[in-house]
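In: A predicted structure for the sequence below; I have some questions about it.
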Amino acid sequence: EEPTYLPHHPNPVKGPCYTFATRASVGLAAPRPARLPVLAEAPRAPSHTRPVRSVVHYSTSERRPIRYYRPRGSADVRRLVDESFQAFNAGRLSEACHVFADKMLDPANDTTIGLTVAGALTPAGLGGCVIELMERGLVDFVISTGANLYHDLHYALNFTLHRGSPFLDDVELHEDGVIRIYDILFPAQVLLETDAYVRGFLARQAFAGPVSSATLHYALGQDLMTRYPGCERHSVVASAAAAGVPIYTSSPGDSSIGMNLAAHELLHGGGCTIDPNRDVNEVAAIILDGTRNGCLILGGGSPKNFYLQGQPTLWEIYGIPKGGCEYFVQITTDQVVWGGLSGATPSEAISWGKVNPGMLPDTVVAYCDSTIAFPILCEYVVGSEHGRRTQRQLVHRRDALMAELERQARSRPKARPAGAAREAGE
């Protein structure tokens, strides 16, 4: 029997939650939602030895769905952090909580805060934490992998992801049309119907030439709120549009959203072309505008560098000495010894001009799993003295910020090529 998606315990704080069910399993003839057109059926290998199983068969924890968790500023969590997290990486997480809550959110510091999100954390339910921070004005702009944004659309469209196990038979899952992200499971049909929504959006939306990824995501969020009223309560993309928070993707083609953009251009022409130059300049302009700048980095990877390179873009490329990021908080499991960017420390970033050398005590790396540490940090900062700020609405100020970046860049003397002074005998 085909699945339908039914409301499950609506929550006035979080908004409606949804669970995967069939009409027979709930004992009533529930109306089906309008189905989105799909171009293909979910891939399924032939099997002659057993019946096809649904995703519910493989799910665990009494078949409980994954939902976006919204932090509420728990006093008990704050007490745990302050009194129990005293040493090793618990101590570093405590430091991270205090740098964010006491320094970055202090109104006297007027800090512009960027959040970078690597991997695929929205399927694990962490999108609710991001939504809470944006709604409260605690995050001013976001740089994310495309995977986080694509899988966030499942929640906006009322599809369900399930708790599963990382130890399942992936051949059987493929035969049954079930997708696995570590221990997260969902039907492959969810991908196809989400793709159909993205393609429909591209057919409805007209873009005047190449645009920044923030422009694409803002238009996508606006479309979601129009077609699915209330979805901003459980969608990062829609919530960001409502809060005026620009969302950038450092590698636009590296996700199913990018795949659908490419398909639309090939099959229909036009559509939406992402301009990475515009992304680079908009992020640099936002950083230039900040009185002070701070970042919260989940994982690392391309989103981490895309934020941090904003400072070298200013001093190295445009000759505008901003001085480096003042506050730096990273939650990662990577290590510095492997030489990758995800493990690069804020101390190393000083040599690049990415971090202000006078602010090194206000930088911290907590070597923890983001799915554990990020909700704890969010509970701490939401419950802090400065747990709500006026939203900066940067998505609506980008043109003015870009104009100021261009003005300052053009007013600077042009950089001379390396060795020019020696050749001139100076």
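Out: Arrived safely, thanks for sending.
In: from here on, just use CA atoms for contacts and neighbour counts.
Out: Will do.
In: need the contact list for the closest residue to residue 167 other than its chain neighbours.
Out: Closest residue to residue 167 apart from its sequence neighbours, by CA to CA, 6 or more residues apart in numbering: residue 183 at 8.0 Å. Contact analysis of residue 183 by CA atoms under 8 Å, 6 or more residues apart in numbering lists 163-167.
In: residue 250 too?
Out: 143-145, 276, 302-303, 306.
In: so residue 81 touches residue 95, yeah?
Out: No - the pair residue 81 / residue 95 is not scored as a contact, 9.3 Å apart, by CA atoms under 8 Å.
In: what about the contacts of residue 250, which are in helices?
Out: 276, 302-303, 306 (DSSP state H).
In: are any of the contacts of residue 183 buried, and which?
Out: Buried members of the contacts of residue 183, scored by 16 or more other CA atoms under 10 Å, are 163-165.
In: just checking, which of those residues belong to strands?
Out: Mapping the buried ones among the contacts of residue 183 onto strands (DSSP state E) picks out residue 163.
In: now distance to residue 336 and pLDDT too, for the buried ones among the contacts of residue 183, in TSV please.
Out: Below are the buried ones among the contacts of residue 183 laid out as TSV (distance: CA to CA, whole Å; pLDDT from 0 to 100):
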residue	distance to residue 336	pLDDT
163	32	93
164	32	92
165	30	92
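In: list just the nearest of the buried ones among the contacts of residue 183 to residue 239.
Out: The shortest approach to residue 239 among these belongs to residue 163, at 24.3 Å (CA to CA).
In: what bridges to that closest one?
Out: residue 184 (DSSP bridges).
In: roughly how far apart are it and residue 191?
Out: 17 Å (CA to CA, to the nearest Å).
In: hey, where'd the strands end up in this protein?
Out: Assigned strands in the chain, in chain order: 4-7, 18-21, 111-117, 141-144, 162-163, 178-181, 184-187, 247-249, 292-298, 327-332, 363-367 (criterion: DSSP E).
In: who touches residue 380 in this structure?
Out: Shown here is residue 380, whose contacts under the criterion CA under 8 Å, 6+ apart are 73-74, 77-78, 81, 97, 101.
In: mind listing what the spatially most central residue of the chain touches?
Out: The residue lying closest to the centre of the chain (CA atoms, centre = their mean) is residue 144, at 4.1 Å. By CA under 8 Å, 6+ apart, the contact set of residue 144 is 116-118, 247-250, 303.
In: change it to 6 Å
Out: 116-117, 249, 303 (CA atoms under 6 Å, 6 or more residues apart in numbering).
In: for ChimeraX, what selects the buried ones among these?
Out: Entered in ChimeraX, the line below selects the buried ones among the contacts of residue 144, by 16+ other CA under 10 Å:
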select :116,117,249,303
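In: which of the contacts of residue 144 lies closest to residue 222?
Out: Distances from residue 222 to the contacts of residue 144, taken as CA to CA, are shortest for residue 249 (17.6 Å).
In: low-confidence stretches in this structure?
Out: The chain contains residues with pLDDT under 70 at 1-52, 54-63, 414-426.
In: can you rerun that using 90?
Out: Within the chain, the segments meeting pLDDT under 90 span 1-64, 119-120, 206, 208, 269-271, 335-344, 412-426.
In: now the nearest residue to residue 129 once chain neighbours are set aside: how far from residue 173?
Out: Using CA to CA, 6+ apart and skipping residues adjacent in sequence, the residue nearest residue 129 is residue 70, 5.4 Å away. Relative to residue 173, residue 70 is positioned 31 Å away (CA to CA).
In: okay, how far is it across stretch 314-334, tip to tip?
Out: Per CA to CA, the first residue of stretch 314-334 is 28 Å away from its last.
In: and if you look at stretch 117-129?
Out: 12 Å.
In: cool, stretch 116-130 as well?
Out: One end of stretch 116-130 to the other measures 10 Å (CA to CA).
In: ok now that stretch, how far from the chain's centre?
Out: Taking CA atoms, centre = their mean, to the nearest Å, one finds the center of stretch 116-130 at 6 Å from the center of the full chain.
In: tell me which residues of the helix ranked longest in the chain are tucked away?
Out: Counting by DSSP H, the longest helix found in the chain is helix 188-204. Along helix 188-204, these residues count as buried under the neighbour rule (16+ other CA under 10 Å): 188-199, 201-202.
In: same check on stretch 272-282?
Out: Buried residues in stretch 272-282, counted by 16+ other CA under 10 Å: 272-274, 276, 278-282.
In: for residue 147, grab the count of nearby residues.
Out: The tally of other residues near residue 147 (other CA atoms under 10 Å) stands at 22.
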